[in-house]
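Asker: Here is a sequence together with a model predicted from it:
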Amino acid sequence: MSKEPDRIFAKPLAQVPDFAFNEDVVRVFPDMIKRSVPGYPTIVENLGVLAAQFAQPNSVLYDLGSSLGAVTQALRRHVRTDGCRVIAVDNSAAMVERCREYLNGQDSMFQELLPVEVIEGDILALEFHPASVVALNFTLQFIAPDQRTALLSRIRQSLLPGGALILSEKLRFNDTEEHALLTDLHVAFKRANGYSELEIAQKRSAIENVMKPDSLEEHRERLLAAGFSKVVPWFQCLNFASLIALP
Ligand SMILES: C[S@@+](CC[C@H](N)C(=O)[O-])C[C@H]1O[C@@H](n2cnc3c(N)ncnc32)[C@H](O)[C@@H]1O
Ligand SMILES: O=C(O)C(=O)C[C@]1(C(=O)O)C=C[C@@H](O)C=C1
């Protein structure tokens, strides 16, 4: 994986453009996400462990909004169920190109990995195969809020008995004090990871129009409305959490 440090917002920008998963972001993405999302390495590795418990024989495991394929690689490290394959989907051409290179690298280092297909496409337009595991790892927050229930309903309909959706998101909090505290602590996390006040402020304005976090209560209600029967949070670090939703 690229070790290039994220300096995208280090210099003052006359106007901060909306955040996009373009070539510049792709180059620094492993560093950016690790320094920005508290608990990210733990979530990704354990997503593989969880997936191994839900994977059903001869089914598909989806990594939706796969970026550079970190989740896909974890699925391939942990899932040994017969006849499973991974489908990774992202609508950023730059991400997909680099993801394919990284997965070729994983194939050349390890044997007996699950087969994988990387699709450049919109997850809102995807025809789902019967699936046992669907991962949305920090992707739903970039989907327009009015499209989220429809997407989750389609995922629910594709899920086989015994399968699961694993949904990781940045959270907002209905309680004003809780929201302020966890937001401040997230800024402290970024500062401790070497981001300057300018970088933190410019990144905040870059993502505010394109990334719309929900509260845990909103996630739970929406997942139940989409037909899931049970929602179980399994990880939270500051204002980032991951949930298991059962069909
Ligand atoms: C924060 S990143 C996901 C990180 C990745 N899952 C990981 O764990 O490393 C969000 C990704 O979702 C992708 N994305 C956003 N909207 C999408 C859509 N409608 N269809 C497909 N991919 C989308 C972006 O291109 C981006 O790569
Ligand atoms: O909330 C923030 O400040 C972030 O930087 C979060 C976040 C994310 O959750 O996806 C935003 C964009 C990048 O993909 C990496 C991290």
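Answerer: Perfect, I can see it now. Ligands and ions are numbered 1, 2, ... in the order given.
Asker: Rounded mean pLDDT for the strand or helix carrying Ala150, please.
Answerer: Secondary structure assigned from DSSP states H and E places Ala150 in helix 148-158. Within the predicted structure, the mean pLDDT of helix 148-158 is 98.
Asker: Same question for stretch 88-102.
Answerer: 98.
Asker: C-terminal to the helix or strand hosting Thr183, what's the next element?
Answerer: Assigning secondary structure by DSSP H and E places Thr183 in helix 176-192. Moving toward the C-terminus from helix 176-192, the first helix or strand encountered (DSSP H and E) is helix 197-207.
Asker: Next secondary structure after that following helix?
Answerer: Following the chain from helix 197-207 toward its C-terminal end, the next helix or strand by DSSP H and E is helix 216-225.
Asker: Can you name the element that comes right after that following helix?
Answerer: Trace forward from helix 216-225 with DSSP H and E and the next one is strand 230-237.
Asker: near ligand 2 at all, that following strand?
Answerer: No. Taking Cβ under 6 Å from any ligand atom as the criterion, strand 230-237 and ligand 2 are apart, separated by no less than 12.0 Å. To be clear about C-beta, it is placed using only N, CA and C from the backbone, and glycine gets the same treatment.
Asker: in that strand, what's buried?
Answerer: Val231, Phe235, Cys237 (16 or more other Cβ atoms under 10 Å).
Asker: Of these, just say which sits nearest to ligand 1.
Answerer: Looking at the buried residues of strand 230-237 and their distance to ligand 1, the nearest is Phe235, at 13.2 Å (Cβ to the nearest ligand atom).
Asker: Tell me the residues on the protein that lie near ligand 1, please.
Answerer: Within the chain, the positions near ligand 1 by Cβ under 6 Å from any ligand atom are 21, 33, 44, 65-67, 70-71, 89-92, 95, 122-124, 137-139, 142-143.
Asker: Which ones among those residues map onto strands?
Answerer: The strands in this structure, assigned by DSSP state E, contain Val89, Asp90, Asn137 from the residues of the chain next to ligand 1.
Asker: who's the residue lying closest to Pro233 once chain neighbours are set aside bridged to?
Answerer: When the adjacent residues along the chain are set aside, Pro233 lies closest to Leu243, with 5.1 Å between them (Cβ to Cβ, 6 or more residues apart in numbering). Under the criterion DSSP bridges, Leu243 forms beta bridges with Leu167, Pro233.
Asker: Could I get the pLDDT score of Leu243?
Answerer: Note on Leu243: pLDDT of 98.
Asker: If any of the ones in strands among the residues of the chain next to ligand 1 are buried, put those into a PyMOL selection.
Answerer: The following PyMOL command selects only the buried members of these, with burial defined by 16+ other Cβ under 10 Å:
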select buried, resi 89+90+137
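Asker: Tell me the one among the ones in strands among the residues of the chain next to ligand 1 nearest to Val116.
Answerer: Closest approach between those and Val116, by Cβ to Cβ: Val89, at 11.4 Å.
Asker: who are the neighbours in contact with the closest one?
Answerer: Taking Cβ atoms under 8 Å, 6 or more residues apart in numbering, we find Val89 in contact with Tyr62, Asp63, Leu64, Gly65, Ser66, Val118, Ile119, Glu120, Gly121, Ile123, Leu126.
Asker: Neighbour-wise, give me the winner out of these.
Answerer: For those, counting by other Cβ atoms under 10 Å, the largest number of neighbours falls to Asp63: 30 neighbours.
Asker: Look at it and tell me its secondary structure.
Answerer: Assigned by DSSP: H, G, I helix; E, B strand; the rest coil, the conformation of Asp63 is strand.
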